[in-house]
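Novice: Fold the following for me, if possible:
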Amino acid sequence: MTTTTLAVLVPLLPFLGAAAGLLLGRRTPGFVRPLAVLPTLASLVLAALVAARQGGGPAVDAATELTPTGSVPIELALHIDGFAALVAVLVGCVATCVQLYSTGYLRHDPRYPSYAALVSLFTSAMFLVVYSGDLMVLLVGWEIMGICSYFLVGHYWETPEARAASLKAFLVTKLGDVPFLIGLLALASDTGSFRITRILGAVASGSLDHPTAIALLLLAGVAGKSAQFPLHTWLPDAMAGPTPVSALIHAATMVAAGVYFVARLLPLFEASQAAMIVLAVMAAVTMTGSALAALAQDDIKRVLAYSTIGQLGYMTGALAAGDRGAAVFHLLSHGAFKALLFLAAGVIIHAAGTNSLAAMSRMGNLRDRVPDAYWTMTVALLALAAIPPFSGFFSKESVLVAAEHAAGGHSAHAPAAAGWTVLVAGLLTALLTAAYATRLWLLAFRGRGAEVPDHGRQPLVMNAVLWVLAIPSLALGGLAFRLLPDWFDGGDLTPTLTTAVLGTGVALIGGIVTYAAWRHTTALAARVPLGAVAAHPEADAGQVEAEAIASHRPAYGDVALAPDPADPGRLLLGPLHRHAAAGFHLDALCTALFVRPVRAGASLVRFLDREVVDTYVRGAGTLPRWLGTAVRRAQTGNVQTYVSALLAGTVVLAVAAVLVATGA
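Specialist: Numbers count the residues shown, from 1 in each chain. Below you'll find the predicted structure:
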């Protein structure tokens with residue numbers, strides 16, 4: 001097969017698997033798991049073959065016109081360069097791991113067939129975004145991911161939390177998608193094409209008329225899809241969905257799409273200095289604010305959600321510094337360790353028997369309960385905290401090096417102000433990231449919450465997936481920074497001494513200070529007596545999560561589980577803790593600035609419609625109704641009455657005629 005044929009099959013196979021799963025899932029339950037896993041696994045193999053053939057060399061381009069439009073053509077086009085080839089492998093790897101993990105995690109879920117089919121469709125849409133060479137076709141995959149996220153986040157639709165979270169995710173991302181679509185249309189109007197290669201050619205030739213306006217419109221969609229400030233608030237609430245869905249959304253699909261889009265069209269954004277400054281400020285606010293919020297969260301999945309927002313901020317920061325190689329390098333590294341973190345969290349949820357709103361503070365000592373999750377999550381947290389030699393160290397250092405390069409005025413496209421903004425925010429975020437990663441590890445594995453009964457080991461497939469993802473989390477960075485430059489425009493990704501010392505130093509300070517704060521709070525806190533709870537060893541992790549979300553309490557037992565009072569986050573943040581835990585009240589601010597005025601305007605419109613417009617409409621119908629009533633009363637059906645009226649009318653006419661004649 002040609003490379004083009006293989007690339008076409010990569011998104012097609014999961015799509016066919018999704019269609020077959022939706023049609024046959026409930027009728028033939030024995031085929032559900034093969035239909036979920038095998039097409040995605042086949043796409044991973046094909047994506048790896050495409051990457052091997054592309055080999056970091058010249059981009060593979062192919063196109064055929066979809067339909068005559070009379071103006072700007074829309075084409076089924078492929079544009080596979082080194083970035084696309086490797087990101088597709090990441091998508092296939094994480095999606096396959098999620099599908100395998102879900103066969104155990106949701107093995108008793110009655111809606112597993114539709115869930116698996118939607119995950120396959122989600123994967124297919126991301127493959128389409130990655131490989132597409134036409135922005136309109138890319139938009140199709142972009143929007144399919146949006147509707148899939150709506151259904152998957154709302155998988156436990158019986159609970160108001162899941163319904164509200166799915167609706168919020170859909171509406172907030174659509175809020176960004178409207179200007180995004182306008183920006184795409186304006187871009188096509190300026191360049192005469194939706195083809196990525198032609199658009200980049202037009203940018204290179206300087207024929208783009210409105211680069212700043214187009215770039216800012218597109219950034220609105222990127223902020224919504226990749227959960228960047230101020231459109232990031234949907235992502236923490238999306239934790240109401242099943243944990244494997246969180247792993248898929250956070251690691252390889254949906255949120256990665258916005259970063260990948262900017263990386264693919266980076267010359268367009270570099271054509272506007274204002275857009276690069278906006279991108280840098282957005283990245284800085286996102287990464288520092290989300291890191292502070294993560295340090296205050298008590299739910300383990302919300303900590304990881306804010307962590308994702310912050311790491312995406314690193315990627316957009318690298319793009320603001322003009323280095324898309326560093327951005328995609330961190331995208332690949334982050335995809336591995338963040339998928340591992342979420343899937344390990346799913347194991348912890350089951351072992352702790354709780355996914356309540358106070359999850360980590362209610363967890364007991366889980367090291368011996370879940371040894372696989374303990375060791376693999378430790379690896380992933382070290383990668384997240386950017387401790388060498390784990391993968392996160394090398395990819396995060398590449399971002400800091402790019403920012404340092406731009407801050408020194410050595411970038412031809414990124415202003416120095418953008419570089420300094422990203423560099424300072426990146427170092428501060430490195431400190432905070434290590435702090436909340438250490439806090440999560442201490443509370444989850446060395447906490448003093450309730451000692452719930454052992455619910456049994458997880459299925460082998462779940463633990464096996466954790467170890468598979470631990471390998472790239474540990475080894476990807478050390479290999480990638482030497483090999484990836486050949487795939488990523490030849491840019492150097494080697495850490496420098498300055499940023500390596502600064503980044504690692506602040507990370508170690510953050511971890512050590514957090515550990516010291518935990519020891520201090522542990523010494524001061526008194527042990528809380530814990531009641532006995534009832535065990536449900538036959539339940540799976542999906543049931544635990546669903547019941548916990550539905551009840552807002554630990555899923556097992558008849559008594560409330562006592563929280564661990566030794567939380568270093570409260571000590572470290574002090575009076576800022578309350579605000580950080582609430583996401584700095586951004587939802588409340590949006591409600592005050594936008595939701596309430598819109599509701600007030602809707603109430604006014606409803607009042608005017610009912611009391612003003614409807615009054616005129618009713619008034620317009622009143623006169624004809626009265627005339628009709630009068631005419632109806634005149635129609636008695638009595639012949640004598642009709643003859644009398646006729647004679648009376650004749651007499652009146654005769655008298656009138658005589659009067660007229662006399663007057664003449």
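
Novice: Show me where the stretch 351-500 of the chain has its helices.
Specialist: 371-384, 391-407, 416-446, 460-483, 497-524 (DSSP state H, counting those that start in this stretch).

Novice: what helix or strand does residue 331 sit in?
Specialist: Using DSSP states H and E, the element containing residue 331 is helix 324-352.

Novice: which secondary structure elements does that helix contact?
Specialist: For helix 324-352, the packing partners by 3 or more Cβ pairs under 8 Å, 6 or more residues apart in numbering; DSSP states H and E come out as helix 82-105, helix 243-251, helix 255-264, helix 300-320, helix 371-384, helix 391-407, helix 460-483, helix 541-551. Just so you know, the C-beta spots here come from the backbone N, C-alpha and C atoms, and that holds for glycine as well.

Novice: would residue 209 count as being in a strand?
Specialist: No. Residue 209 is assigned coil when assessed by DSSP: H, G, I helix; E, B strand; the rest coil, not a strand.

Novice: Please report how far it lies from residue 187.
Specialist: 10 Å (Cβ to Cβ, to the nearest Å).

Novice: Looking at these two, which one has more neighbours?
Specialist: Each of residue 209 and residue 187 has its neighbours counted (other Cβ atoms under 10 Å); residue 187 has more, 26 against 12.

Novice: Let me see the contact set for that one.
Specialist: 135, 199, 214, 218, 268 (Cβ atoms under 8 Å, 6 or more residues apart in numbering).

Novice: what do you get if the cut-off is 7 Å, keeping everything else the same?
Specialist: 199, 214 (Cβ atoms under 7 Å, 6 or more residues apart in numbering).

Novice: check which helix or strand covers it.
Specialist: Using DSSP H and E, residue 187 falls in helix 160-191.

Novice: Tell me which residues of the helix or strand just after that helix come out buried.
Specialist: Proceeding N to C from helix 160-191, the next assigned helix or strand is helix 196-205, under DSSP H and E. If you call a residue buried by 16 or more other Cβ atoms under 10 Å, then helix 196-205 has these buried ones: 196, 198-200, 202-203.

Novice: Return the member of those nearest to residue 374.
Specialist: Checking these against residue 374 with Cβ to Cβ, the nearest one is residue 196 at 44.3 Å.

Novice: How far does the helix or strand harbouring residue 647 sit from its chain's centre?
Specialist: When elements are assigned from DSSP H and E, residue 647 belongs to helix 639-663. Distance of helix 639-663 from its chain centroid, counting by Cα atoms, centre = their mean, to the nearest Å, is 85 Å.

Novice: Give me the nearest residue to the spatially most central residue of the chain, chain neighbours excluded.
Specialist: Geometric centre of the chain, nearest residue: residue 255, 4.2 Å, by Cα atoms, centre = their mean. Leaving aside its chain neighbours, residue 255 sits nearest to residue 226 (4.9 Å; criterion: Cβ to Cβ, 6 or more residues apart in numbering).

Novice: That neighbour contacts residue 260, correct?
Specialist: No. Under the criterion of Cβ atoms under 7 Å, residue 226 makes no contact with residue 260, lying 8.9 Å away.

Novice: quick one: which of the helices of the stretch 351-500 of the chain is nearest residue 60?
Specialist: Per Cβ to Cβ, nearest to residue 60 of the helices of the stretch 351-500 of the chain: helix 460-483, 19.5 Å.

Novice: The residue nearest to the centre of the chain: what's it in contact with?
Specialist: Residue 255 touches 225-227, 249, 308, 312, counting by Cβ under 7 Å, 6+ apart.

Novice: Relative to residue 262, how far out is it?
Specialist: 13 Å.
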